[in-house]
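Participant: Here's a sequence, model it:
(chains A and B)
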Amino acid sequence: ELKVEQNPLFLSMQEGKNYTIYCNYSTTSDRLYWYRQDPGKSLESLFVLLSNGAVKQEGRLMASLDTKARLSTLHITAAVHDLSATYFCAVGGAGGTSYGKLTFGQGTILTVHP
Amino acid sequence: DSGVTQTPKHLITATGQRVTLRCSPRSGDLSVYWYQQSLDQGLQFLIQYYNGEERAKGNILERFSAQQFPDLHSELNLSSLELGDSALYFCASNLITDTQYFGPGTRLTVL
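Facilitator: Reported below is the predicted structural model:
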């Protein structure tokens, strides 16, 4: 059974600082997704990573994927208050009928302080 | 706005009752997914439908069932409700296997 673990689960940052959220998963997959969720809201897609070595950047966020290490990272550069949210990584199923199924990590609650 | 719609937004009901949650996917999307989000279990995949047929099943209880209709909207039926069924239920859609776009969710409270 696929397991997805994020760390840290809670992250309190100062504005202007950098930090990285890690997402480890237990079985082979070549599809990794990052989502953002604001309190009481839906999930917003941030990044889709579909191959080993994939790197994507949007604003102050950059995501990467290492399928050999079964690890994805979400790097935050010069954090601002607007980035405060919960961030989830999700791994796509390996194949067959589970291909579309997403297995989510526990989520990382990010709070950015002035 | 993802383009996925869900109704109702909130639902309050009593134990033992049955409810139906409705989802309309984005225009052109053929796959619909249902997820449950709770503090205990996190975000869990329940079931996927593709063009009217069940494609994959997750940790969905036998008391829960779903279907996708010819117009591609989907309904999730929850019966014999228990306190532990209180959660946010999300529907997501995509064309086949690309990014899943999530709806606003239905918050179910079982009293």
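Participant: which residues sit in contact with residue B:53?
Facilitator: residue B:68 (Cβ atoms under 8 Å, 6 or more residues apart in numbering or on different chains). All C-beta atoms are positioned from the backbone trio N, CA, C, and that covers glycine.
Participant: Quick check: the gap between it and residue B:94.
Facilitator: 16 Å (Cβ to Cβ, to the nearest Å).
Participant: so where's chain A shaky on pLDDT?
Facilitator: Low-confidence segments of chain A (pLDDT under 70): A:95-97.
Participant: The residue nearest the centre of chain B and chain A, how far apart?
Facilitator: With the centre of chain B defined as its mean C-alpha position, the nearest residue by Cα atoms, centre = their mean is residue B:34, 3.5 Å away. Counting by Cβ to the nearest Cβ, to the nearest Å, the separation of residue B:34 from chain A is 11 Å.
Participant: could you list every residue that touches that residue?
Facilitator: B:23, B:45-48, B:60, B:66, B:74, B:76, B:89-92.
Participant: repeat that for 7 Å
Facilitator: B:46, B:47, B:66, B:76, B:89, B:91 (Cβ atoms under 7 Å, 6 or more residues apart in numbering or on different chains).
Participant: got the residues of chain B near chain A?
Facilitator: B:2, B:31, B:33, B:42-43, B:45, B:48, B:55-56, B:58, B:90, B:97, B:99-105 (Cβ under 7 Å from any Cβ of the partner chain).
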